[in-house]
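Trainee: Sequence and predicted model, in that order:
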Amino acid sequence: MWIALGILILVIIYLVSIYNNVVGLKEAVFTDEKAIGIQLDERNKLFDSLIATVNKFMDHEKGVFEEIVKLRSGNKSGKVDKKTEEQLSEIISSGQLSSGINMTMEAYPELKSGTNMLQLQESIENIERKLANSKKAFNASIEDYNSTIESVPAVFVVNKFQKQLKFDFERWALAEEKIKASEERTVSFD
């Protein structure tokens, strides 16, 4: 009798552990789904912010570059007059360009938009990588959940507690129209 009672207690403990495992897997799916939403939100906010920042920097450099060209081309004689030299020096020393640039009248200053564009590209790649990893984790969680609830003996526990444990999760996938639209999407600075 004590042996039967001990076996019954072990079976109950085992079934409770199966129940708890399925609950944990279900919650992992919900958590991974929320992570995708967080990454999408971060992507939207950062893309808009990064593109606006790069556009402002490019506009600023364009203005500085145009001012230098205008000052240089205003003097057709090839000799720099005092006023032009002062204006060019003021542009360089005012911080409109990076400090420490040594500029001769024949050379143009190094502009930083290229570096900013590379940083923007790297940020976009990092965000997209995080988003892709979140989607993979979500699909993996669903796979773990589904394989567990369909295996023996978990299937018996799930059938007994269907309202608490049985969910039909859909893996992350885009509709065919969205896939085509996503393939055609480009980032524009207009």
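Mentor: That came through fine. Numbers count the residues shown, from 1 in each chain.

Trainee: how close does the residue sitting nearest the centre point of the chain get to residue 22?
Mentor: Closest residue to the average C-alpha location of the chain: residue 127 at 1.7 Å, with C-alpha atoms, centre = their mean. Separation of residue 127 from residue 22 (C-beta to C-beta, to the nearest Å): 33 Å. Where C-beta positions appear, they are placed from N, C-alpha and C, glycine not excepted.

Trainee: where in the chain is pLDDT low?
Mentor: By pLDDT under 70, the low-scoring segments of the chain are 71-82, 84-85, 87-89, 91-114, 190.

Trainee: what about the strands in it?
Mentor: Ranges of strands in the chain, per DSSP state E: none exist.

Trainee: longest helix of it?
Mentor: Taking DSSP state H as the criterion, the chain has its longest helix at helix 2-73.

Trainee: what packs against it?
Mentor: Packing partners of helix 2-73 (3 or more C-beta pairs under 8 Å, 6 or more residues apart in numbering; DSSP states H and E): helix 82-93, helix 113-149, helix 154-160, helix 162-165.

Trainee: which residues sit against the last one?
Mentor: Just to be clear, that refers to helix 162-165. 19, 22, 23, 26, 149, 157, 158 (C-beta atoms under 8 Å, 6 or more residues apart in numbering).

Trainee: just the buried members of these?
Mentor: 19, 22, 26, 149, 157, 158 (16 or more other C-beta atoms under 10 Å).

Trainee: farthest-separated two in those residues?
Mentor: Farthest-apart pair in the buried ones among the contacts of helix 162-165 is 26 and 157; separation 12.5 Å (C-beta to C-beta).

Trainee: still on that earlier bit, would you mind putting the contacts of helix 162-165 into CSV with distance to residue 34 alongside?
Mentor: Converted to CSV, these look like this (distance: C-beta to C-beta, whole Å):
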residue, distance to residue 34
19, 23
22, 19
23, 17
26, 13
149, 21
157, 26
158, 23
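
Trainee: Quick check: the farthest pair among the residues you listed?
Mentor: Greatest spatial distance among these (C-beta to C-beta): 26 and 157, at 12.5 Å.

Trainee: How much space separates the residue lying closest to residue 174 once chain neighbours are set aside from residue 176?
Mentor: Among residues not flanking residue 174 along the chain, residue 182 sits closest, at 6.7 Å (C-beta to C-beta, 6 or more residues apart in numbering). Distance of residue 182 to residue 176, computed by C-beta to C-beta: 11 Å.
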